[in-house]
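>>> sharing a model prediction with you, sequence too.
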Amino acid sequence: MTPILKAMAVPALLLPMLMQSCEPKDGEVVALGVLMRERVVLTATANAIITELPVAEGHAVAAGDVLVQLENAVQKANLQLASARLSEAEADLQRVRSGARDQEVAIAEARVRGAHAVYEEAETTLDRNRRLLESGTITQARLDQDIARRDTSLAELTSAEQALAEIREGAREEDIQIATAHVEAAHAEVAAERTRLEDLTIRASRDGMLDSLPWNLGERVPFGSPVAVLLTGERPHARIYIPEPARVGLAIGAPVMVRLDGTEAVFEGRLRWISNESAFTPYYALSQNQRSRLVFLAEVALPPEAAELPVGVPVTATLP
């Protein structure tokens, strides 16, 4: 949320009191505000049902603690499928690198011998039938069939010999590279599916206090919706609204005395941020007399002794 939107979040009924409180009293300039802490909003990583809420609102949490568990049965199955594909790719790579087994070589050699025998038988038959054709015992059509049979058996013999040579030579480097790439792609897929599975477990990203759980157990949350809000930081800070007349004399690091409602304690803080834009009304829509009613959102860093102060408590800041 931008500083302007933060400022606009102040209820309209509070504005008159805020303006009155900003008027100088006994030579001092004061500004109203409230104690705040840094907010960390954790969002849903999928459109899923909430199955666990292990930490209740208001409890302290450490970085890594599980805050919300989204339904993950389907994603677990996706991870198992990716793992199976990885195993298949690794086995294929091992097969390519290892080459053919002795049994596969023996089978290829037997096919070569069988193809060679068929070819020799076809060649012998063709020679015999050529002599028979000369004596008129067989026809030319029968001889043509024998020639075709011989050529077919020769092609089968050549194919068997090439297959045997390929088995003996082993896999080509290109085949190994392709199989290696398949393994790397399978590894990346497993990593991606594992990350998606882990993202369904919403964990605290920082130490702090669990301030809010916007959704209930069993509800389906849309992707990107806030599911947990943390209040973090070592100590709170004061978010105040500085009157326009006092803005020019302020700079980052200026001392600011902060007083809490309901207590006489006063804390000396330091101005750590001031909005560059005024709040509530555009400056060009105001007259010169009305501009004094503008305010600038600012934040004041408080000392270590303010670490245990509760957030949300109204404060009054005295400006230098």
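Perfect, thanks for sending it. Numbers count the residues shown, from 1 in each chain.
>>> quick one: the strands in this protein, in order.
29-43, 48-52, 60-61, 66-70, 201-203, 208-212, 220-221, 226-243, 255-260, 266-274, 295-301, 314-319 (DSSP state E).
>>> deepest-packed of those, please.
For the strands of the chain, the largest average neighbour count (mean count of other Cβ atoms under 10 Å) is found in strand 295-301, namely a mean of 23. Quick note: C-beta positions are derived from backbone N, CA and C, even for glycine.
>>> same for that strand, what does it pack against?
helix 3-8, strand 29-43, strand 226-243, helix 244-247, strand 266-274 (3 or more Cβ pairs under 8 Å, 6 or more residues apart in numbering; DSSP states H and E).
>>> so how far is it from its chain's centroid?
Strand 295-301 sits 35 Å away from the centroid of its parent chain (Cα atoms, centre = their mean, to the nearest Å).
>>> what average pLDDT does it get?
In this model, strand 295-301 has a mean pLDDT of 89.
>>> please apply the same query to stretch 42-50.
For stretch 42-50, the per-residue pLDDT averages 96.
>>> what residues are up against the closest residue to Met209 other than its chain neighbours?
Counting by Cβ to Cβ, 6 or more residues apart in numbering, Leu231 is the residue found nearest to Met209 once chain neighbours are left out, at 4.8 Å. Neighbour list for Leu231: 37-40, 208-209, 211, 311 [criterion: Cβ atoms under 8 Å, 6 or more residues apart in numbering].
>>> 10 Å instead?
36-40, 58, 60, 206, 208-212, 311 (Cβ atoms under 10 Å, 6 or more residues apart in numbering).
>>> tell me what it is bridged to.
Under the criterion DSSP bridges, Leu231 forms beta bridges with Arg39, Met209.
>>> which pair of the contacts of Leu231 spans the longest distance?
Met36 and Ala60 (18.0 Å; Cβ to Cβ).
>>> closest one to Val183 among the helices and strands packed on strand 295-301?
strand 29-43 (34.4 Å).
>>> ok so, going back, including distance to Leu81, could the strands of the chain go into CSV?
CSV is the format used below for the strands of the chain (distance: least, Cβ to Cβ, whole Å):
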stretch, distance to Leu81
strand 29-43, 27
strand 48-52, 19
strand 60-61, 34
strand 66-70, 19
strand 201-203, 20
strand 208-212, 35
strand 220-221, 24
strand 226-243, 27
strand 255-260, 58
strand 266-274, 50
strand 295-301, 50
strand 314-319, 56
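>>> quick one: closest of the ones you listed to Leu126.
Among these, the nearest to Leu126 by Cβ to Cβ is strand 48-52 (74.5 Å).
>>> so for Asp2, what's the pLDDT?
Just to correct that, residue 2 is Thr rather than Asp. The model's pLDDT for Thr2 equals 38.
>>> now swap in Val96 and tell me
83.
>>> re the thing from before, TSV please, covering the helices and strands packed on strand 295-301 and showing distance to Gln75.
Converted to TSV, the helices and strands packed on strand 295-301 look like this (distance: least, Cβ to Cβ, whole Å):
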stretch	distance to Gln75
helix 3-8	35
strand 29-43	17
strand 226-243	17
helix 244-247	52
strand 266-274	41
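>>> by mean pLDDT, show me the worst of the ones you listed.
helix 3-8 (a mean of 37).
>>> what bits of this structure have low per-residue confidence?
The model of the chain has pLDDT under 70 over residues 1-27, 100, 168-171, 280-292.
>>> quick one, domains of it?
3-72+206-319, 76-195 (automatic domain parsing).
>>> what's the first-to-last distance across the shortest one?
So that's domain 76-195. 11 Å (Cα to Cα, to the nearest Å).
>>> out of the helices and strands packed on strand 295-301, the one nearest Asp144 is which?
Asp144 lies closest, by Cβ to Cβ, to one member of the helices and strands packed on strand 295-301: strand 29-43, at 79.8 Å.
>>> what helices or strands is that closest one leaning on?
Applying 3 or more Cβ pairs under 10 Å, 6 or more residues apart in numbering; DSSP states H and E, one finds that strand 29-43 contacts helix 14-21, strand 201-203, strand 208-212, strand 226-243, helix 244-247, strand 255-260, strand 295-301, strand 314-319.
>>> okay if I get these as TSV plus distance to Glu71?
What follows is those, written out as TSV (distance: least, Cβ to Cβ, whole Å):
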stretch	distance to Glu71
helix 14-21	42
strand 201-203	11
strand 208-212	21
strand 226-243	13
helix 244-247	51
strand 255-260	44
strand 295-301	39
strand 314-319	42
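>>> nearest to Val96, of the ones you listed?
In this view, these are compared for proximity to Val96 by Cβ to Cβ, and strand 201-203 is the closest at 38.2 Å.
>>> so what touches that closest one?
With Cβ under 10 Å, 6+ apart, strand 201-203 has contacts from 42-45, 50, 52-53, 61-70, 72, 227-228.
>>> next, the contact list for the closest residue to Gly262 other than its chain neighbours, please.
Sequence neighbours aside, Val313 is the residue nearest to Gly262 in space, at 7.3 Å (criterion: Cβ to Cβ, 6+ apart). Val313 makes contact with 33-36, 236, 238, 260-263 under the criterion Cβ under 10 Å, 6+ apart.
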